[in-house]
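**Q** sequence and predicted model, in that order:
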Amino acid sequence: GAVVSQHPSWVICKSGTSVKIECRSLDFQATTMFWYRQFPKQSLMLMATSNEGSKATYEQGVEKDKFLINHASLTLSTLTVTSAHPEDSSFYICSARGSGRAYNEQFFGPGTRLTVL
Amino acid sequence: AQRVTQPEKLLSVFKGAPVELKCNYSYSGSPELFWYVQYSRQRLQLLLRHISRESIKGFTADLNKGETSFHLKKPFAQEEDSAMYYCALVGTSGTYKYIFGTGTRLKVLA
């Protein structure tokens, strides 16, 4: 149990286009989802926290108009990278935390590799 | 400041040797500490949490509040333990956010 999926697993896009990444909790209700960015051989950097039905809370330095997060249901959150540029190329990982589960445990998705040409 | 420090980027040990991956934290309160592992081309998965005081795959970790440490230990390393290990902290602010350390790559040599 406690599986989190991400789609797509990888995406290549042209500079200036927008890309949407989906994060789904498959067998539990995710009251909170987190979006991370991971650069090669570096740790995860938290971008934002989203709670179902409310606006996401962004970490300092993360542009909310650039990285749009929607958490419309208890099983789905989306991250849209708007007007992507090559510097947005990275590995994006989501995680989910559910009520009724081990209180503070997060379950991680497999990640989405974004390459902006 | 809230921080998790993993001083070693890379740790290489021979198979059968003891392993200790260091983790120190800075937090004004009583955080919850975790170890996550990321095997090659796989997602992050929970290895240990301090409140469970469990042993998973032979690994243990004890929270030392005096030294603000949560080192991960295994008496006899196996080749399949080679992976990236992250120490993480969750505070008591109610946001449930993780603060990750920079990670330590463990290489177990045959």
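**A** That came in fine, so what should we check first?

**Q** the nearest residue to A:G16 once chain neighbours are set aside: what secondary structure?
**A** In space, and not counting its chain neighbours, A:G16 is closest to A:S83: 5.7 Å by C-beta to C-beta, 6 or more residues apart in numbering or on different chains. Just so you know, the C-beta spots here come from the backbone N, C-alpha and C atoms, and that holds for glycine as well. Judged by DSSP: H, G, I helix; E, B strand; the rest coil, the three-state class of A:S83 is coil.

**Q** now do B:E80
**A** helix.

**Q** what is the burial count for it?
**A** As a burial measure, B:E80 scores 10 neighbours (other C-beta atoms under 10 Å in any protein chain shown).

**Q** same deal with A:R113?
**A** By other C-beta under 10 Å, 14 other residues sit near A:R113.

**Q** surely it is within a strand?
**A** Yes - when classified by three-state DSSP, A:R113 is found to be part of a strand.

**Q** what's it in contact with, if anything?
**A** A:S9, A:W10, A:V11, A:S90, A:F91, A:Y92 (C-beta atoms under 8 Å, 6 or more residues apart in numbering or on different chains).

**Q** what helix or strand is A:V11 on?
**A** Counting by DSSP states H and E, the element that carries A:V11 is strand A:10-13.

**Q** could you report the neighbour count for the closest residue to A:I12 other than its chain neighbours?
**A** Excluding its sequence neighbours, the residue lying closest to A:I12 (C-beta to C-beta, 6+ apart) is A:T115, at 4.7 Å. A:T115 has 14 neighbours, counted by other C-beta under 10 Å.

**Q** now B:S55
**A** Neighbour count of B:S55, defined by other C-beta under 10 Å: 12.

**Q** what's the answer for the one 4 residues further on, then?
**A** By the measure other C-beta under 10 Å, the count of residues near B:F59 is 20.

**Q** how about the residues of chain B by chain A?
**A** Applying C-beta under 8 Å from any C-beta of the partner chain, we find that chain B lies next to chain A at B:32, B:34, B:36, B:42-46, B:49, B:86, B:90, B:95-98, B:100-103.

**Q** which residues of chain A lie near chain B?
**A** Near chain B, when you scan chain A using C-beta under 8 Å from any C-beta, you find A:4, A:32, A:34, A:42-44, A:46, A:49, A:57, A:93, A:95, A:97, A:102, A:104-106, A:108-111.

**Q** please repeat the previous calculation with a cut-off of 10 Å.
**A** Applying C-beta under 10 Å from any C-beta of the partner chain, we find that chain A lies next to chain B at A:2-4, A:6, A:31-32, A:34, A:36, A:38, A:41-46, A:48-49, A:51, A:57, A:59, A:93, A:95, A:97, A:102-111.

**Q** buried ones among the residues you listed?
**A** Among these, the ones that count as buried by 16 or more other C-beta atoms under 10 Å in any protein chain shown are A:2, A:4, A:6, A:31-32, A:34, A:36, A:38, A:43-46, A:48-49, A:51, A:93, A:95, A:97, A:104-111.
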